[in-house]
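> Dropping the sequence and predicted coords here.
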Amino acid sequence: MNITFRKLAEKTDLEKLEELESAVWSESSVVPSHMTLTLAKFGGLFLGAFDGDRMIGFLYSFPGYTDQELHLCSHMLGFLPEYRKQGLGVQMKWMQRSEALAEGYRRITWTYDPLETVNAYLNLVKLGGVVHRYIPNCYGELADDMNRGLPTDRFLLDWHIASDRVMQHHAGKSVRPDASGLPAVLFYQEKNGVVQPAGIHLDQSEERLSLPVPAHFQAVKQADMGAAAAWREATRELFTHYFSKGYIVTGICRQQSTASYILEKRSLEDVLQGERLAGAK
């Protein structure tokens, strides 16, 4: 399999993108090609992955402006099912970084569900993103399988693509995060084979904390929607509280039934200068 990547700007490419969006997500999620063509002409960045002449994956983003800074909003990334879990998404994100730097961007942002730990591992551990903002019910009620039945809470991830931290990750020189021994702000129990929150602590003040979440949240939803709702409620309260106290999410460690976020009380500038995860290995 020889997968190639390239920018998309021509009308024929963006029409293929429209078809692929429908196949990967749903017809209701498709952005019309007349819109993507306009965005591509005025600051948007569209990337395609190809197996031969067949487009099998895509990533698109558009300019945004927050915190008095122009940045790139990464909106959607997707691959056909048979091409997933092969590291192609990581390759496409690094290409996005390269293209964005060439256009003068210093930061790329996107949202993800904090309870989806596969996405968390990609965003924090592989790419070097950081999180210090939480958006409750970001998209309102959604009826797709991934989101149905719960508020669509999201992390807003910041990828500071010119920072030392991200350059370390790109070079494969980042330190693997380790949450062992850190004070936990959430306790959990396993009941009928389902991991459930059992209590939270809002009074921790150590420099580094851990916050465990289910390793397989969709399995929790399928087994016990009440437990899934409890996870959403508990983690929303904890993340919003500790973000307000100056903590930043810098990593995540995966265990068997849970994964532990690492929160650090450091300035963003300090975090972006490079990792110094105490006790890391």
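Right, received. Where do you want to start?
> rest of the way, CA atoms for contacts and neighbours
Fine.
> which residues are in contact with the lengthiest helix in the chain?
In terms of residue count, the longest helix belonging to the chain (DSSP state H) is helix 225-244. Identification of contacts with helix 225-244 by CA atoms under 8 Å, 6 or more residues apart in numbering yields 115, 132-134, 136, 149-151, 153, 185, 194-197, 200-202, 213, 217, 220-221.
> what packs against the helix or strand Trp110 falls within?
Using DSSP states H and E, Trp110 sits in strand 107-112. Secondary-structure packing of strand 107-112 (3 or more CA pairs under 8 Å, 6 or more residues apart in numbering; DSSP states H and E): strand 69-79, strand 154-160.
> what's near enough to touch the closest residue to Ser22 other than its chain neighbours?
Computed as CA to CA, 6 or more residues apart in numbering, the closest residue to Ser22 that is not its neighbour in sequence is Val30, at 5.8 Å. Neighbouring residues of Val30 by CA under 8 Å, 6+ apart: Glu18, Glu21, Ser22.
> on that earlier part again, how about the longest helix of the chain: buried residues?
227-229, 231-232, 234-236, 238-240, 242-243 (16 or more other CA atoms under 10 Å).
> Taking those residues, tell me the two that lie furthest apart.
By the measure CA to CA, Ala227 and Phe243 form the most distant pair in the buried residues of helix 225-244, at 23.9 Å.
> picking that back up, now what about the strand holding Trp110, what contacts it?
Outside strand 107-112, the residues within contact range by CA under 8 Å, 6+ apart are 71-75, 119-120, 154-162.
> Give me the buried entries from the residues you listed.
Buried members of the contacts of strand 107-112, scored by 16+ other CA under 10 Å, are 71-74, 120, 154-161.
> Looking at those, which one is closest to Phe46?
Ser74 (9.8 Å).
> what's the pLDDT at the closest residue to the closest one other than its chain neighbours?
Nearest non-adjacent residue to Ser74, counting by CA to CA, 6+ apart: Ser61, 4.2 Å away. Here, the pLDDT recorded for Ser61 equals 96.
> cool, and Arg276?
The model's pLDDT for Arg276 equals 53.
> what packs against the lengthiest strand in the chain?
Determined from DSSP state E, the single longest strand within the chain is strand 54-66. Judged by 3+ CA pairs under 8 Å, 6+ apart, strand 54-66 is in contact with helix 11-24, strand 45-51, strand 69-79.
> Name the surrounding residues that touch it.
Here strand 54-66 has contacts from 16-17, 20, 39, 43-50, 70-80, 83, 92, using CA under 8 Å, 6+ apart.
> one step back: and the angle for the strand holding Trp110 with strand 154-160?
160 degrees (axes from the mean of the first three to the mean of the last three CA atoms, to 10 degrees).
> Neighbouring strands - and their directions - for strand 107-112?
Applying DSSP bridges to the sheet, strand 107-112 is found paired with strand 69-79 (parallel), strand 154-160 (antiparallel).
> So for Glu264, which of those sits nearest?
Per CA to CA, nearest to Glu264 of the strands paired with strand 107-112: strand 154-160, 15.3 Å.
> immediately after the closest one, which helix or strand?
In the C-terminal direction, the helix or strand that comes right after strand 154-160 (DSSP H and E) is helix 164-170.
> From the contact counts, what lies against the next helix or strand after that next one?
From helix 164-170 onward toward the C-terminus, using DSSP H and E, the following helix or strand is strand 186-191. In terms of contacts (3+ CA pairs under 8 Å, 6+ apart), strand 186-191 is packed against strand 194-200, strand 208-214.
> Flag every buried residue along strand 186-191.
For strand 186-191, burial by neighbour count (16+ other CA under 10 Å) applies to Leu186, Tyr188.
> what residues does that strand touch?
Contacts of strand 186-191 (CA under 8 Å, 6+ apart): Val195, Gln196, Pro197, Ala198, Gly199, Ile200, His201, Leu211, Pro212.
> And those, which of them are buried?
Buried, going by 16+ other CA under 10 Å: Val195, Gln196, Pro197, Ile200, Leu211, Pro212, out of these.
> I'd like the distance between the last one and Trp231.
Counting by CA to CA, to the nearest Å, the gap between Pro212 and Trp231 amounts to 10 Å.
> Give the intersection of the neighbour lists for those two.
Counting by CA under 8 Å, 6+ apart, nothing touches both Pro212 and Trp231.
> Show me which residues of the one helix or strand Met35 maps to are buried.
Here Met35 sits within helix 33-41, counting by DSSP H and E. By neighbour count on 16+ other CA under 10 Å, the buried set for helix 33-41 is Ser33, Thr36, Leu37, Leu39, Ala40.
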